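[1] below: sequence and its predicted model.
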Amino acid sequence: MSASISGLSTGNFGLIQQLASDSNVTSQKLAQLTIQSQTGYVATTYAGLESAQSGSASPTLTLNASLNTLNNTISNLKVAQGQMGVQQNAIQTISDIASKALQQFQSVSSLTSSALDTAAATARTAVTQIASLLNSQDGTRYIFAGQDSTIPPVPNATSFTSAAFYVSIQNATNSLSVSGVFAAATSASKNPFSSSLSSNSAAPAVLGAGGVPITTGIVASGNQFIGQSTGSNTTGSYVKDILTTLSAIGSLNSSQISNPSFTGFASAISSSLGNAINTMAQDAGALGNNQALVNTQISDLQNTYTAFT
């Protein structure tokens, strides 16, 4: 007795679809088992975990939200990275300009009185250049302006030698009074910085890995990573000390070199300027440490992002 297999009619089309679907599922499971037997993992990527075993990823991974947060953190760190680079370049230029003016002024005692006029002219140029550098921008952001980066920290940088701050120091310099110079520099009514910076001097920061804030800049009006400058011939801020001492040197004239008070005045002003330059270098070094941290986090977070995608 022979047996025969009847043909599948169109009435069995639903069965055919089901068989095909079951075949695909079986193939997928076989592929998954092959991967698991070869690697010991359910899937070779985090993104493939949910596809390999429905429901297995959702308890531990919310990929889209996590990846968006990670990507935003990387983007914000890159913005901070650019600003820190611009600020470090500006600080180095400020240091170079101030150091050159100091060196020229320190040589005055052994030269003619005309050398004092030259040193004063150099200081006037230097203080104007430095005031402008304090208004350096990265894109539209003023990098020394603190958290309100839309307003320049020095309102009248290009005409700094006409500002009330400079003029008040000039008046004190006429009598070669060191204490008078620093009293003028610390007068609230003669502040060289914007009212915005004076009322909100907080440094800029970015949220890094794990949401931990990283300070990413130095404000023009105060020391950031190191303590306030101390001593009798300081304003407490190395930036303001640089502006103060260069303004004082710029206000000198050749007739004063023969004044008995000149040597003591010149020595005190030179010492204050030198200290300010050195203190600025220390603060810039601390900023460099945070700069390195930002660079490292960008690299690490990018690697993490790649691993999850």
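    Received the coordinates, thanks.
[2] make it CA atoms for all contacts and neighbour counts henceforth
    Fine.
[3] what separates stretch 265-275 from the chain centre, distance-wise?
    In terms of CA atoms, centre = their mean, to the nearest Å, the centre of stretch 265-275 is set 29 Å apart from its chain centre.
[4] for the record, mean pLDDT for that stretch?
    The average pLDDT for stretch 265-275 rounds to 96.
[5] please export the C-alpha coordinates of that stretch as CSV.
    Presented in CSV, the C-alpha positions along stretch 265-275 are these (Å, rounded to 0.1, in the frame of the first residue of the first chain):
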residue,chain,number,x,y,z
PHE,A,265,59.7,103.4,44.5
ALA,A,266,61.2,101.6,41.5
SER,A,267,62.3,98.7,43.6
ALA,A,268,58.9,98.2,45.2
ILE,A,269,57.0,98.5,41.9
SER,A,270,59.5,96.1,40.2
SER,A,271,59.2,93.6,43.0
SER,A,272,55.4,93.7,42.9
LEU,A,273,55.3,93.2,39.1
GLY,A,274,57.8,90.3,39.2
ASN,A,275,55.7,88.6,42.0
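[6] what residues sit buried inside that stretch?
    Neighbour counts using 16 or more other CA atoms under 10 Å place F265, A266, A268, I269, S270, S272, L273, G274, N275 of stretch 265-275 among the buried residues.
[7] neighbouring contacts of that stretch?
    98-99, 102, 105-106, 176-178, 233-234, 238, 241-242, 245-246, 248-249 (CA atoms under 8 Å, 6 or more residues apart in numbering).
[8] closest one of the buried residues of stretch 265-275 to N68?
    N275 (46.3 Å; CA to CA).
[9] secondary structure element for that closest one?
    N275 belongs to helix 262-307 when assigned by DSSP states H and E.
[10] report the distance from that helix to the chain centre.
    On CA atoms, centre = their mean, the centre of helix 262-307 falls 10 Å from the chain's centre.
[11] run a quick neighbour tally on the closest residue to G250 other than its chain neighbours.
    Nearest residue to G250 in three dimensions, chain neighbours excluded: A120, at 4.1 Å (CA to CA, 6 or more residues apart in numbering). Applying other CA atoms under 10 Å, we find 24 residues neighbouring A120.
[12] got it, and G146?
    Neighbourhood size, G146 [other CA under 10 Å]: 27.
[13] over to N64?
    11.
[14] next: the one 4 residues further on.
    By the criterion of other CA under 10 Å, N68 has 12 neighbours.
[15] per-residue pLDDT of it, please?
    At N68, the model reports a pLDDT of 86.
[16] quick one on the thing from earlier: mean confidence for the helix or strand where the residue nearest to G250 lies?
    Assigned by DSSP H and E, A120 belongs to helix 113-133. Helix 113-133 comes out with an average pLDDT of 95.
[17] same check, this time on stretch 230-250
    Stretch 230-250 carries an average pLDDT of 95.
[18] show me how far that stretch is from its chain's centre.
    The answer for stretch 230-250 is 24 Å, by CA atoms, centre = their mean.
[19] same thing with stretch 155-172?
    With CA atoms, centre = their mean, you get 28 Å for stretch 155-172.
[20] ok, residues contacting that stretch?
    With contact meaning CA under 8 Å, 6+ apart, stretch 155-172 is reached by 124, 127-129, 131-132, 135, 178, 180-182, 184-185, 190-194, 244, 247-248, 251.
[21] if we go to 6 Å?
    T128, A131, S132, G180, V181, A184, K190, P192, S194, S247, S251 (CA atoms under 6 Å, 6 or more residues apart in numbering).
[22] if I look at the second one, how far off is T158?
    Here the criterion is CA to CA, to the nearest Å. By it, A131 lies 7 Å from T158.
[23] who has more neighbours, the two?
    A131 (24 against 15).
[24] report the buried residues of the helix holding A120.
    Buried, per 16+ other CA under 10 Å, within helix 113-133: 113, 115-133.
[25] which is the next helix or strand following it?
    strand 137-138.
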